[in-house]
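Peer 1: Dropping the sequence and predicted coords here.
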Amino acid sequence: MNRQQILTRGTVRQSNSRNQQLYWIGKRVMDIVLASIALVLVAPLMLLTAVLIKLDSKGPVFFIQERVGARRRVGEDGQVTWEIRIFRFYKFRSMTQNADESAHEKFIKSFVSGSSSTDDTGKIIFKMANDSRVTRLGRIIRKASIDELPQLFNVLKGEMSLVGPRPVPTYEFAQYQGKQRDRMNALPGVTGLSQVKARGRAPFAEQIRLDLEYVETQSILFDIKVLFLTVPAVLSGKGAK
């Protein structure tokens with residue numbers, strides 16, 4: 001599926017009640033305030049990480065990839081349309097420069113289709129492990145989720161929210177069928193319900209179920225709950241590769 005085909009795969013239209021309007025205003029304000037505060041607090045850590053990446057391996061500090069998300073559009077009739085979009089997604093580089101994505105693409109296609117992959121012990125894996133493309137420092141910043149910090153800039157730009165379904169690579173979205181596409185009916189997030197409850201430890205169908213649960217029940221209080229749940233999820237390091 002090419003770029004144009006992805007952009008033309010529309011999502012559902014929804015009503016735009018007063019409660020929903022207030023939610024989206026509150027969500028945007030919360031995103032801007034918390035992302036700005038977070039950037040100030042983690043600025044020294046981000047600077048240190050950038051220096052260490054340059055010392056550890058050749059290549060740029062940031063990894064920029066096209067990801068698929070959605071943005072909310074309100075029509076003249078008052079209806080909300082979730083418009084599929086492709087945007088530039090920021091992370092700290094944790095892999096070797098110009099790493100080949102073909103292995104990850106093959107894994108994702110298998111994962112989305114429901115095919116099980118196993119490790120050397122026969123245990124089912126839900127996320128690529130022992131990836132030879134990952135650098136020494138990359139394993140550390142992935143484990144601590146430090147590589148995700150540049151997405152705070154995506155939040156300030158309005159391309160992402162602090163909480164929502166994760167944006168996905170174009171080759172993953174190309175595999176989505178039917179109800180799976182409904183996970184795009186929300187602004188993509190830095191963290192989400194699937195990340196705090198099934199971080200790299202659940203099959204694709206369960207991750208989709210959790211994302212749909214968020215889409216259908218999202219509210220300011222729910223977003224705050226997910227943010228609080230993110231802290232122990234990150235500190236535990238479970239599911240991070």
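Peer 2: Ah, there it is.

Peer 1: Can you list the buried residues in stretch 23-34?
Peer 2: 23-24, 27, 30-31 (16 or more other Cβ atoms under 10 Å). Quick note: C-beta positions are derived from backbone N, CA and C, even for glycine.

Peer 1: any idea which element E216 lies in?
Peer 2: Secondary-structure assignment from DSSP states H and E places E216 in helix 204-217.

Peer 1: Distance check, the closest residue to G189 other than its chain neighbours against N154.
Peer 2: Leaving aside its sequence neighbours, G189 sits nearest to G164 (Cβ to Cβ, 6 or more residues apart in numbering; 2.9 Å). Here G164 is placed at a distance of 11 Å from N154 (Cβ to Cβ, to the nearest Å).

Peer 1: which of the two has more neighbours?
Peer 2: Neighbour totals were compared for G164 and N154, and G164 leads with 27 against 23 (other Cβ atoms under 10 Å).

Peer 1: Find me the pLDDT at the more buried one, would you?
Peer 2: Per-residue confidence at G164 stands at 96 (pLDDT).

Peer 1: And for R9?
Peer 2: Predicted confidence (pLDDT) for R9: 64.

Peer 1: if we can go back for a sec, next, the angle helix 204-217 makes with the next helix or strand after the helix holding E216.
Peer 2: Elements were assigned by DSSP H and E; along the chain past helix 204-217, the next helix or strand is helix 220-236. Counting by axes from the mean of the first three to the mean of the last three Cα atoms, to 10 degrees, helix 220-236 points 150 degrees away from the direction of helix 204-217.

Peer 1: can you tell me which helix in the chain is longest?
Peer 2: If you go by DSSP state H, the chain has its longest helix at helix 18-56.

Peer 1: If you rank every helix and strand of this structure by mean pLDDT, what lands last?
Peer 2: When each helix and strand of the chain is scored by mean pLDDT, DSSP states H and E, strand 124-125 comes last, with a mean of 52.

Peer 1: quick one, whatever helix or strand comes next after that strand and helix 18-56 angle?
Peer 2: Using DSSP H and E, the helix or strand that follows strand 124-125 towards the C-terminus is helix 136-143. Here the directions of helix 136-143 and helix 18-56 differ by 160 degrees (the same axes, to 10 degrees).
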